[in-house]
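1. What follows is a predicted protein model with its sequence.
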Amino acid sequence: MKTGESILTVDNLSVSFRTYSGIVKAVRGVSFELNKGETICIVGESGSGKSVTVKTIMGILPPSAVIESGTINYKGMDLTKLTEEEYARIRGKEIGLIFQDPLSSLNPLMKIGRQITEALLIDKEMSKREAREAAIELLGAVGIRDPEQRFEQYPFQFSGGMRQRVVIAIALARNPEVLICDEPTTALDVTVQARILNLINELKQKRQLSIIFITHDLGVVAHMADRVYVMYAGKIVEYGTAEDIFLEPAHPYARALLASVPDMETEGRLASIPGAPPNMLHPPTGDGFAPRNKYAMQIDFEEEPPMFRISDTHYAATWSLHPSAPEIPMPDVLRERIRRMKEGGANR
Amino acid sequence: MTMDTPNHIPDIPQEKFKFVQLDQEIVDSAFETEPIGYFKDALIRLRKNKASVVAFYIILVISSLAIFGQDFNPYTFRQQNPERTNMPPRVPGLEKLGIMDGTTILRNRRLDSVKDPNQFPEGSVIRVFNQRTVRGVEMVDVKVDYYKLVGAEDEYYWLGTDYLGRDLWTRLCRGTRVSLIIALVSVVTNIFIGIVYGAIAGYYGGKTDMYMMRVCEIINAFPQIVVVTMFILFFGTGMFSIIMALVIRGWIPTARLIRAQFLRFKNREYVLAARTLGVGDLAIIFRHILPNSIGPIITRAMITIPGAIFSESFLAFVGLGLKAPEPSIGILLSQGQKVLLQHPYQAFAPSLMISVLMIAFNLFANGLRDAFDPTLRGQE
Amino acid sequence: MQIDSRQPILEVENLRVVFASGRGRKRIQVNAVDGVSFEIYQGETFGLVGESGCGKTTLGRTIVRLYSPTSGTIRFRGRDVSGPMTKELRQYITDNMAMIFQDPVESLNPRMTVQEIIEEGLKVRGIKDPEVRQEMVFDILSKVGLTREHASRFPHEFSGGQRQRIGIARALIVKPSFVIADEPVSALDVSVQAQIINLMNDLKSTLGLTIMFIAHDLSVVKYFSDRVGVMYYGKLVELADSGELYRNPLHPYTRSLLSAIPQPNPLTERHRETISYDPATAHDYSAEKPSLREVCPGHFVYCSESEFERYFDRQQTRASMA
Ligand SMILES: Nc1ncnc2c1ncn2[C@@H]1O[C@H](COP(=O)(O)OP(=O)(O)O)[C@@H](O)[C@H]1O
Ligand SMILES: Nc1ncnc2c1ncn2[C@@H]1O[C@H](COP(=O)(O)OP(=O)(O)O)[C@@H](O)[C@H]1O
Ligand SMILES: [Mg+2]
Ligand SMILES: [Mg+2]
């Protein structure tokens, strides 16, 4: 964990929403760290608070949201304390954001080119002509052919994958150091997804980006992540390097998540996660996953587990790591797959 | 990094580490939240909108005035009184503050007649001013207590009377009622025709839709005023023909709205699902599509009410209104307008009423629109 | 493969569905389904994959006759169901086939309770007694892992996976023999997908269903289906047993699709190479017309004569090596 130099540190962040049915505790004490030049993935099912975390970092929470506690440290500044003007200098310029839905993040009535130059011209460092050239270069960089012609077109003339490329181009226009991707490929076909993921990785190399990548697809995590944070019911329940998480998952939720995805070799019954995710109006006490965990122990329902250290890089918040806890078996599907992975036989 | 990395392992009694649900089947838990239905949800959001809550109460007050207001004083809307014509407003209590105290200014009176106690009884003259000589005759303007002048010290006409001595308060309440009834009936008829017509066009689509929409365009091509005049000439004036006049073109926007709703909803997956289950057309229309359009329909109705009130007034204003002595806001307005310079109060009350009604209905409709907006469902 | 009798329940022959819009010069035609033929056997799960817009939904909806075929025939248990729609035919189709829809939000009427949604099919089938219907609804709810308390709730209170289970309950309560599931898990979290797939597997064996399973995720289809068809722009380009298709993909599009699926294995996944497919450079159909040919028993590929020979040779060398 002490490898790279930390660029963004989120500490004990809690965010709630005031709604008329009550207070939705969307994020409950999340801490993580992004080091320079690495990609961290945050995985978790929908509603676990991934997007809310990201929106808090970007300062784009809706008015009904309240930051209950916590700090977000970016280059010595606490982002939760910034004014709107100060944020305007960070957003886009220092930290770029790509949303899930490429359609809604582009203005349908504005030419693609204008949308990029507009971002470039915010900093008032270039002339219009320079901005145009820079925008065309960017379009080329994100892999759009004939950027000069494409510059003059409207979003509806682009396919879903190309739109997402444009969104990436806009996010990168002001040369941010940190790029946050909130499920950028969930709406895309696998073949298009593969190309977009490779593009993001390529750009990361070229521009020394540090990336926070949010997804619920473990295949995508395996493709992108240096380190992985597993989130459940508004909390980080396990984190470690990709190898840590995929080869030695410790938290019952992380195991269940891994066991529930079929890969090309999967035979027999899938290990599904029973039940439904908790309603964050009434967040569960203790270990949030306990009600859906077959091997839940008495203590899981009573007390919240602390982060147990498994190795220098690998931590998990589960009572099953307590010395007094009984041995909990790994799901069969998963044990089998990990064995195959370790033998290096999982590839075709 | 301050991630809690315990260097000591918490001490927990061994028996806490027992599996507790190893042999239970885990099913989805029941909901802990109260179910919130569609209307309740909309109501909650409507209540948050202060302007529409105020508008709603204003509409409520005006409606109760329209229903009960006539009976607040002894006069009726048709009772004429030649000795009490064009009385200015006089309200008990308020008169002490100097407003609506039954005074008025009479202009261009002969000074000698003002001094004649037969014509201007003792105490009725409050102030004489603007004295001047016109062709050798002394002329003045005079502010009088009109009620004393005509010997009606004990009477109160809250909004005054008109040129036939009818009580304007009673007539305004009655007129508001008539206008509201005309607006409501015409809007309900419009919505009904619009729903049926739009539903058929939207649901069946294709050629049916094309022909039905052509018909709408043709009806819409005639200028409103011409159609209405013809109609009233043909059927005579009266509540029925005015309502018909408002309906004859009024249903078309609703039909278009419903058609658009149907085009939008008929390919929704839940409608397709109903079709694969063999649900019939009527059930699909009434169970699956219409209930989902109820928000826009209610909103639409609310938005058209002030329009209908206004159209009715406009018709009355150009002389195509109800038969006398039945008042409506429009008729009161048009009568008030004739004596606007001499007796401005006669036009003032109905104009205030129609303005307040229009604003209140519009604000309320806006609130409804937001409350029914499905994209805001379940949020603040 | 346990299906020995190999009795087709559904036969689709040269099916074409064309959507036309506009008039005169502006007329646009979309060949959403462009000459597709395949069979589905009693008791199997037939998977259909392809990227979005390739015509999977159109094909599924045409089979249940939400859309009408432009040409070609569809036979269900030997009976032609592609003809003009009559009341009797509609009844026959709704009695035998059911559909599960993709979008967990769009596919449930937001103004009806779960009870009303699920029992609608029963009402249509003339079960008048509300108590009987209620019992049947409770019964199917427990089969899909929900409780009877859920029956009085409205759809928006449920999570995506729960809604999809309600959709499954609605489709299955009328006891169809053939179910078309149009991307039932695509909109769901990966962790919830497994739940739905397990559920469908269980229901399939207890109710003896035949399933046509549409998806764009090949690893899910591979896991769930006995045979898989791959669609590309309205055409069926490859059709084989799912194991065979995955071990031995022949059509270049299938290969690119397979190479693009991210696998939950960071050791291999980080260095995975993807194959891209461009029909313009991959095939030369100027001289020879392509068609669906059987390269080895049960394995069909859409190819021209020369491609066929190439695929056939590759197949032979593979077989001899094994
Ligand atoms: N504007 C909002 N108002 C109320 N609750 C919200 C709002 N946005 C998100 N939530 C709640 O916060 C929780 C986390 O949501 P989110 O971060 O979007 O999840 P995800 O992990 O899928 O990105 C959910 O329970 C969601 O219902
Ligand atoms: N009702 C329709 N009218 C016109 N075109 C349609 C209609 N439905 C689908 N299409 C077109 O047919 C093609 C196939 O669509 P679809 O069957 O929905 O694909 P998939 O389900 O594989 O994503 C697409 O090009 C789509 O635009
Ligand atoms: Mg999200
Ligand atoms: Mg589809």
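-> All right, it came through fine. Numbering: from 1, shown residues only, chains lettered A, B, ... in the order given. Ligands and ions are numbered 1, 2, ... in the order given.
2. and the host helix or strand of B:Val187, which residues are buried?
-> Assigned by DSSP states H and E, B:Val187 belongs to helix B:168-204. Residues of helix B:168-204 classed as buried by neighbour count (16 or more other CB atoms under 10 Å in any protein chain shown): B:168-180, B:182-183, B:185-187, B:189-191, B:193-195, B:197-203. The C-beta positions use only the backbone N, C-alpha and C, and glycine is treated the same way.
3. now that helix, how far from the centre of its chain.
-> Here helix B:168-204 shows a centroid-to-chain-centroid distance of 11 Å under the convention CA atoms, centre = their mean, to the nearest Å.
4. Which residues does the next helix or strand after it contact?
-> Per DSSP H and E, the first helix or strand lying C-terminal to helix B:168-204 is helix B:206-221. For helix B:206-221, contacts defined as CB atoms under 8 Å, 6 or more residues apart in numbering or on different chains pick out B:Tyr197, B:Ile200, B:Ala201, B:Gly202, B:Ile248, B:Arg249, B:Ile252, B:Ala255, B:Arg256, B:Arg259.
5. now do stretch A:139-155
-> A:103, A:106-113, A:116, A:132, A:135-137, A:158, A:162-163, A:165-166, A:168-169, A:172, A:195, A:199, A:203.
6. same thing but at 6 Å, please
-> The contact list for stretch A:139-155 (CB atoms under 6 Å, 6 or more residues apart in numbering or on different chains) reads A:Leu106, A:Pro108, A:Lys111, A:Ile112, A:Gly113, A:Ile136, A:Arg163, A:Arg165, A:Ile168, A:Ala169, A:Leu199.
7. among the residues you listed, who's most crowded?
-> Most neighbours among these, by other CB atoms under 10 Å in any protein chain shown: A:Ile112, with 26 neighbours.
8. on that earlier part again, present the contacts of stretch A:139-155 as CSV; the columns should include secondary structure, distance to B:Pro223 and pLDDT.
-> CSV is the format used below for these (DSSP: H, G, I helix; E, B strand; the rest coil; distance: CB to CB, whole Å; pLDDT from 0 to 100):
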residue, secondary structure, distance to B:Pro223, pLDDT
A:Leu106, coil, 44, 86
A:Pro108, coil, 37, 85
A:Lys111, coil, 42, 90
A:Ile112, helix, 46, 90
A:Gly113, helix, 47, 90
A:Ile136, helix, 54, 92
A:Arg163, helix, 47, 87
A:Arg165, helix, 53, 87
A:Ile168, helix, 55, 88
A:Ala169, helix, 53, 88
A:Leu199, helix, 60, 88
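9. Which pair of these spans the longest distance?
-> Largest separation among the contacts of stretch A:139-155 by CB to CB: A:Pro108 and A:Leu199, giving 23.2 Å.
10. ok, C:Val144 to ligand 1 distance?
-> According to CB to the nearest ligand atom, to the nearest Å, C:Val144 stands 23 Å off from ligand 1.
11. My understanding was that that residue contacts C:Gly167; is that so?
-> No: at 9.4 Å, C:Val144 does not count as touching C:Gly167 under the criterion of CB atoms under 6 Å.
12. higher neighbour count, these two?
-> More crowded of C:Val144 and C:Gly167, by other CB under 10 Å: C:Gly167, with 28 against 24.
13. where in the stretch 51-200 of chain C is pLDDT low?
-> The model of the stretch 51-200 of chain C has no residue with pLDDT under 70.
14. Go through the host helix or strand of B:Ile248 and flag the buried ones.
-> Under the criterion of DSSP H and E, B:Ile248 resides in helix B:239-265. Neighbour-count burial for helix B:239-265, counted by 16+ other CB under 10 Å, picks out B:239, B:241-259, B:261-262, B:265.
15. Contacts only, for A:Ile338.
-> A:Ile338 neighbours (CB under 6 Å, 6+ apart): A:Leu247.
16. and the helix holding B:Val187, average pLDDT?
-> On average, the pLDDT along helix B:168-204 is 92.
17. I'd like to know which elements that helix is packed against.
-> If contacts are counted by 3 or more CB pairs under 6 Å, 6 or more residues apart in numbering or on different chains; DSSP states H and E, helix B:168-204 sits against helix B:50-68, helix B:239-265, helix B:290-317, helix B:329-338.
18. now do 10 Å
-> Applying 3 or more CB pairs under 10 Å, 6 or more residues apart in numbering or on different chains; DSSP states H and E, one finds that helix B:168-204 contacts helix B:50-68, helix B:206-221, helix B:239-265, helix B:281-283, helix B:290-317, helix B:329-338, helix B:345-372.
19. ok so, going back, common neighbours of C:Val144 and C:Gly167, please.
-> The contact sets of C:Val144 and C:Gly167 overlap at C:Ile118, C:Ile196 (CB atoms under 10 Å, 6 or more residues apart in numbering or on different chains).
20. so which pair among the contacts of helix B:206-221 is furthest apart in space?
-> B:Gly202 and B:Ile248 (21.7 Å).
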